[in-house]
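Asker: Got a predicted structure plus its sequence, pasted below:
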Amino acid sequence: MPRTASAPAGRRRARLAIAACGAAAALVAGALAPATAANTAPHTAPKPRAEHYVALGDSFTAGSLIPVQIDAACGRSNRNYPSLTARRLSPADFRDVSCGGAKTDDMWRPQPGTGKPEQLAALKSDTTLVSIGIGGNDIGFGEVVRACTYAVPKPIPDGNPCEQRYTKGGTDQLAERILETAPKVAAVLGEIRKRSPKAHVIVVGFPAILSEKAEDAEGCKASLRMPVGDIPYLRATMRSLNTMLSREAQLARATYVDTYTPSVDHNACRPFAERWVEGMYPRAERPAWPFHPNANGEAGMAEAVKQTLAAPKV
């Protein structure tokens, strides 16, 4: 496990500053075969570089409960965004070691209860592409879900009890947790760079769970079983988490992948057919872990990764 010191106040504030996402590096290389008088065959498309791709991350990366599950201990699907990305890239080598419940600490240690080695062990000196989605469990995503939602048959209260709980005493506990997670993410990115110096590293953000639209408030209440008054606070918390991840990616010379923007109209508050993220009670016809991306969400995240990787280098 890494040892990290508390960041000075100025740097802590800077880590939450909204940063422009770094431009993605193009992953297509190769040259067209030259035409000659003796060879009039049409030109062929450039061939993709032989990537050695490693995927790290938590349940949002693993695709927990999405069929087909290929690793029960980690809840890993063969339709998660790393697998979909690998199918598009056709890499020379692909290793997905993402695992549900993973924290930044599990990058360096065997993850408890899974029998899996540290995720960073998958990296090699010849690795050329690394994707990582991490940080939600460090701020206590599961705890927040349990504290701020009300399973049937519990009634959903009025007001904003969740916000009051986490801001009691004048300190926003979740904002503090995001600040405390920032140096941990930085340490992981630094270690990735150390172990795989040739790799293009992409940090994949979290998709939208809560709607940005006031008219969807009742949909949020019904789907996520949470008080309407808590929606703005929890939405702002998830946005702050993504802002921190974007900032850490920039500081580490990695590329941030924004999955929030393309998913904002497919959040868990929208009608069932439109959702990329499930509510408290996913339906049997579209299995996924509650409050997590479904198969459509993982496909949307893979598309965001694809577009980021294909963006011109500036």
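Answerer: Happy to help now that I have it. Numbers count the residues shown, from 1 in each chain.

Asker: In which helix or strand does residue 163 reside?
Answerer: helix 161-166 (DSSP states H and E).

Asker: Can you give me the buried ones in that helix?
Answerer: When burial is assessed from 16 or more other CB atoms under 10 Å, helix 161-166 yields the following buried residues: 161-163, 166. Just so you know, the C-beta spots here come from the backbone N, C-alpha and C atoms, and that holds for glycine as well.

Asker: Just give me how far that helix sits from the chain centre.
Answerer: Distance of helix 161-166 from its chain centroid, counting by CA atoms, centre = their mean, to the nearest Å, is 25 Å.

Asker: Give me the next element, helix or strand, following it.
Answerer: Using DSSP H and E, the helix or strand that follows helix 161-166 in sequence is helix 173-195.

Asker: outside of the following helix or strand past that following helix, which residues touch it?
Answerer: Per DSSP H and E, the first helix or strand lying C-terminal to helix 173-195 is strand 200-204. With CB atoms under 8 Å, 6 or more residues apart in numbering as the test, strand 200-204 has contacts from 24-25, 27, 57, 61, 81, 128-133, 185, 189, 192-193, 245-246, 248-249, 252-257, 259, 301, 304-305, 308-309.

Asker: Which elements pack onto the very next helix or strand once past strand 200-204?
Answerer: Counting by DSSP H and E, the next helix or strand C-terminal to strand 200-204 is helix 217-224. For helix 217-224, there is no helix or strand it packs on, judged by 3 or more CB pairs under 8 Å, 6 or more residues apart in numbering; DSSP states H and E.

Asker: Using PDB, write down the CA coordinates of helix 217-224.
Answerer: As requested, the backbone C-alpha atoms of helix 217-224 are provided in PDB (Å, rounded to 0.1, in the frame of the first residue of the first chain):
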ATOM      1  CA  ALA A 217     -37.400  14.700  -9.300                       C
ATOM      2  CA  GLU A 218     -40.400  12.400  -8.800                       C
ATOM      3  CA  GLY A 219     -38.700   9.900 -11.100                       C
ATOM      4  CA  CYS A 220     -35.600  10.000  -8.900                       C
ATOM      5  CA  LYS A 221     -37.700   9.500  -5.800                       C
ATOM      6  CA  ALA A 222     -39.500   6.500  -7.300                       C
ATOM      7  CA  SER A 223     -36.500   4.800  -8.900                       C
ATOM      8  CA  LEU A 224     -33.800   5.500  -6.300                       C
END
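
Asker: got the buried residues for it?
Answerer: Residues of helix 217-224 classed as buried by neighbour count (16+ other CB under 10 Å): 217, 219-221, 223-224.
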